[in-house]
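>>> Fold the stuff below for me.
(chains A and B)
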Amino acid sequence: MNRFLKITGYTIRDQMRHKSFYVLLGLCLVFVLMIRGCYSGQYVVNGRQLDNITVAWYVSKIVFQVIGSGMFLIVILLSMKIFSRDHEDGSLVLFLSRPVFRQQYILGRIAGTWFLCLVFMFILHAAIFLTVRVKTGVTIPGYLTASLVCSVNLLFVAVSVCFLSLYLPDFISAVFTVGILFVGYISDGGYQILNSEILKTAVPSAAASPPALWRILYPKVYMVQAYADSIISHSGFNKMGPIHPVLNVSFFIILITTLILAVFNKKEI
Amino acid sequence: MLHEYYKSRENKTGASCLNCIEKRLLIMIAIDSVIKKFGTVTAVDNITYRVETGEYFALLGPNGAGKTTVVRMLLGFIRPTSGRITIDGIPVSDPEARKRVGYLAEHHMIPYYLSGFEYLRRHASLIGLAGKDALMEMDRVLEVVSMKGREKEKSAAYSKGMKQRIGLAAALLGQPKVLILDEPVTGLDPIGIRGVRNILENLRDDGVTVLLNSHFLSEVERTCRTLAIMNNGKILVKDSIRSIIEDDQTLEDVFIKYAQKGK
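Numbers count the residues shown, from 1 in each chain, chains lettered A, B, ... in the order given. Below you'll find the model as predicted:
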C-alpha cells in the first residue's frame, strides 16, 4: 500500500486516540440532540401558526450552517498541533527515518485530519437529516450533498493552519486562521446581504456597488457555505465575481498545499 | 572524487586495481566534500570519508564537533550546504537510500500513545513488511533486545532504557544493511550496555555496516574497528583503532589529544 495512504491511516488513528476528540464529538452530538425539541414546538409568526415541516426546514438550514462553521474550530484544534506534536513525540523521526518522501508525510497527515473531520461533520449533518425525517417524515433533499460540498472548506482550514504553524506558534496560527475566516465572512456575508432580494425590495436605493478585486479573489469560504445552503433550499445562488466559490477555495487549497510542500521540503529536522 | 579516493587506496595498498564498479560495491557510506553551515556557523567543514560495507565505524568528538549534524545529514533530515552523501550508492536526498538503514536517535522517543508493538508495526509497514512476515520479524527483533512480553505496554510506561531498546529493535527491523546509532547506550544500565554490545557483535557476521556516534569510549574500543575523530566540523583523524592508539595510550588519551588539538 502506498506510504501516503498508510500515513493517512495512522493520522486518523492517532487523532482518534486523543480524548479531546471524543469530548468534542460528544459535545456536538449533545448539541444536535438538543435541537430535536425545536421540531415539535408550536411556533406562531405574525399570528399564523407554522407547520412542523416549515419549522423543520428552517431549523435544519440554520443548524447546517452552525455545524459547518463550528467544524472550523474543530479542524483548527486538530490541525494546529500536527507538526509540533510530531516533532515532540518522535513521530516525525519515525516517518522520515524510513523511505518516506516528505510530501507523502505532509499530504498523509493533512488528508488524515481532513478525512476525519469530514466524517465527523457528515455524522452530525446526517444526525440532523435523520432527526427531521423521524420527527416530521420529511426528507430534505441535498442536505447530505451540501455537507460534502462544505468539506472543501474544512480542507482549506486544515491546510491554512498547517501552513501557518510552520512559521508561527500553534495558538497564533490558529488565531490567524480564525482571522482569515472572519474577514471572509464579513466581506462575503455583507455582499450576500446587500444583494439579497429582501433588502433590494425593502430599500431599492441600497444597490450594492461592485466589490473590490481583493474581495473577489479572497478565499470564498462563506460563499461555499452559501452555495451549500442553496443546494438544500434549491434556490438560486448569488456568487461574487466570475469564479465559482468551490473553484476559488480549491485553488487556495492547491496553492497553500504547494507552499507547505515547498517550505517543508527545505525544513531542517 | 570517488576515482581519486580509489586511486589513493590503490597506491596505499599497492594491490592490483579492481574495476571501479567492484570497488564501489565495497563502499556503503560515502561523504564527499560536505560542508554544512547554519547561518554564519560552519557545523561541518569540508569533510570526506568512506565507510566500507561491513565496517564498524565510530564517529567521535567533543560536544559541538558536528557529529550529530553528520548523522542528520546521512538521514536526510538536513541537507548539506555543499557536497554529496550517498548510502549504498544512492544519494541521501532520495528516501530509497533509507530503505535498508536502521536508525536509533540519541534521545529516542516513542509516541506516548503507542505501545512498543504498534511502534514496531509502523516501522515494519513503512519498510514494506506486512502480515506474517512483519509479525515474525518483530518477534525476532523483540527477542534480540530482550523486550519480548513487554511489547504490548504503552510506551508511556516504559523506562528510558526500555524505550532505547525498542528503538534499537525498530532499527534492526528488516535486517538493515546500515545501522546508524547515535549514542545508543545513553540511559542504559550496565546490563543494557552489554546487551547492545552483544547485539552489535552478533551483527558483525551478517555484514551489517555500523556507524556509531558515541561518547562511551570503552564501548567504541570494544565494538568498532575504525574511527574518525571530529572537532570544529573537521575530521582530524580517520583510521583503524589499532593504528591510532599507541602502545602506552588509551582511546581516551587519543580522544583528548585530538579534542584539544582542534581547539
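>>> make it CA atoms for all contacts and neighbour counts henceforth
Will do.
>>> any residues touching stretch A:245-261, and which ones?
With contact meaning Cα atoms under 8 Å, 6 or more residues apart in numbering or on different chains, stretch A:245-261 is reached by A:102-103, A:106, A:149, A:152-153, A:155-156, A:159-160, A:162-163, A:217, A:219-221, A:223-224, A:227, A:239.
>>> which stretches of the stretch 101-250 of chain B form strands?
For the stretch 101-250 of chain B, the strands defined by DSSP state E, counting those that start in this stretch occupy B:101-104, B:178-182, B:209-213, B:226-231, B:234-240.
>>> And chain A, by the same measure?
Secondary structure of chain A (DSSP state E): strands at A:43-45, A:48-50.
>>> To B:His215, which of those lies closest?
Taking Cα to Cα, strand A:43-45 is the member of the strands of chain A nearest to B:His215, at 78.1 Å.
>>> The closest one packs against which elements?
Where contact means 3 or more Cα pairs under 8 Å, 6 or more residues apart in numbering or on different chains; DSSP states H and E, strand A:43-45 is packed against strand A:48-50.
>>> buried ones in the strand it packs on?
Of the residues in strand A:48-50, none count as buried by neighbour count, 16 or more other Cα atoms under 10 Å in any protein chain shown.
>>> So what are the sheet partners of it and their directions?
strand A:43-45 (antiparallel) (DSSP bridges).
>>> what residues does the stretch 101-250 of chain A put near chain B?
Listed as neighbours of chain B in the stretch 101-250 of chain A under the rule Cα under 8 Å from any Cα of the partner chain: A:Phe101.
>>> Which residue does the stretch 101-250 of chain A have closest to chain B?
Chain B sits closest to A:Phe101 of the stretch 101-250 of chain A, with a gap of 6.0 Å, by Cα to the nearest Cα.
>>> Can you name the residues that contact that residue?
Residues near A:Phe101 by Cα under 8 Å, 6+ apart: B:94-95.
>>> State the phi and psi torsions of it.
A:Phe101 adopts backbone torsions of phi -70, psi 150, taken as degrees, to the nearest 10.
>>> what sits against A:Phe83?
A:92, A:162, A:165-166 are the contacts of A:Phe83 under Cα under 8 Å, 6+ apart.
>>> what's the spacing between it and chain B?
Distance of A:Phe83 to chain B, given as Cα to the nearest Cα, to the nearest Å: 13 Å.
>>> where does chain A have low pLDDT?
A:1, A:40-41, A:204-209 (pLDDT under 70).
>>> ok, 90 please
A:1-3, A:15-66, A:68-70, A:81, A:89-90, A:127-143, A:187-217, A:226, A:229-243, A:266-269 (pLDDT under 90).
>>> And the helices in it?
Under the criterion DSSP state H, helices of chain A are mapped to A:3-17, A:19-39, A:52-79, A:82-89, A:91-96, A:102-136, A:143-165, A:170-194, A:197-202, A:213-217, A:221-233, A:245-266.
>>> Next one: the residue of the stretch 51-200 of chain A at minimum distance from chain B from B:Leu126, what distance?
Nearest residue of the stretch 51-200 of chain A to chain B: A:Pro99, at 4.4 Å (Cα to the nearest Cα). When distance is defined by Cα to Cα, to the nearest Å, A:Pro99 is 7 Å away from B:Leu126.
>>> ditto for A:Leu29
Distance from A:Leu29 to B:Leu126, by Cα to Cα: 36 Å.
>>> of the two, who's got more company?
Taking other Cα atoms under 10 Å in any protein chain shown, A:Leu29 and B:Leu126 do not tie; B:Leu126 has more neighbours (23 against 16).
>>> quick one: contacts for residue 142?
I'll assume chain A. By Cα under 8 Å, 6+ apart, the residues touching A:Gly142 are A:231-232.
>>> my question was about chain B
Per Cα under 8 Å, 6+ apart, neighbours of B:Leu142: B:148, B:151, B:166, B:169.
>>> Can you pull the phi/psi pair for the second one?
So that's B:Glu151. With angles defined as degrees, to the nearest 10, B:Glu151 sits at phi -70, psi -20.
>>> how many neighbours does it have?
The tally of other residues near B:Glu151 (other Cα under 10 Å) stands at 20.
>>> confidence score at it?
According to the prediction, B:Glu151 has pLDDT 86.
>>> hang on, it packs against B:Gly116?
Yes - when contacts are counted by Cα atoms under 8 Å, B:Glu151 is listed as touching B:Gly116 (4.6 Å).
>>> ok, so what distance separates B:Ile241 from chain A?
For B:Ile241 relative to chain A (Cα to the nearest Cα), the value is 29 Å.
>>> who's in contact with the nearest residue to that residue once chain neighbours are set aside?
Distances taken as Cα to Cα, 6 or more residues apart in numbering or on different chains put B:Thr226 closest to B:Ile241, at 5.2 Å, once the chain neighbours are dropped. The contact partners of B:Thr226, by Cα under 8 Å, 6+ apart, come to B:55-58, B:238-241.
>>> Now for the residues you listed, which sits with the most neighbours around it?
B:Ala58 (28 neighbours).
>>> Just grab the bridge partners of that one for me.
Note on B:Ala58: beta-bridge partners by DSSP bridges are B:Leu212, B:Leu227.
>>> Could you list the contact residues of chain B toward chain A?
B:72, B:75, B:77-79, B:94-99, B:101-103, B:108-113, B:123, B:126-127.
>>> circling back: the contacts of B:Leu142, buried ones only, as a ChimeraX selection?
Remark: buried members of these, expressed as a ChimeraX selection using 16+ other Cα under 10 Å:
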select /B:151,166,169
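>>> Including distance to B:Ile27, could the contacts of B:Leu142 go into TSV?
Formatted as TSV, these follow (distance: Cα to Cα, whole Å):
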residue	distance to B:Ile27
B:Lys148	35
B:Glu151	36
B:Ile166	29
B:Ala169	25
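>>> quick check, nearest of the contacts of B:Leu142 to B:Thr186?
For those, the closest approach to B:Thr186 (Cα to Cα) belongs to B:Ile166, at 13.6 Å.
>>> if we can go back for a sec, switch the strands of the stretch 101-250 of chain B over to CSV; also include distance to A:Leu77.
As requested, the strands of the stretch 101-250 of chain B are arranged in CSV below (distance: least, Cα to Cα, whole Å):
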stretch, distance to A:Leu77
strand B:101-104, 32
strand B:178-182, 35
strand B:209-213, 39
strand B:226-231, 44
strand B:234-240, 45
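>>> any idea which of the ones you listed is most buried?
Greatest average neighbour count among the strands of the stretch 101-250 of chain B goes to strand B:101-104 (a mean of 27), per mean count of other Cα atoms under 10 Å in any protein chain shown.
>>> For that strand, which strands pair with it and how are they oriented?
In the sheet, strand B:101-104 lines up with strand B:178-182 (parallel) (DSSP bridges).
>>> Run the angle between the strand it pairs with and strand B:209-213 for me.
10 degrees (axes from the mean of the first three to the mean of the last three Cα atoms, to 10 degrees).
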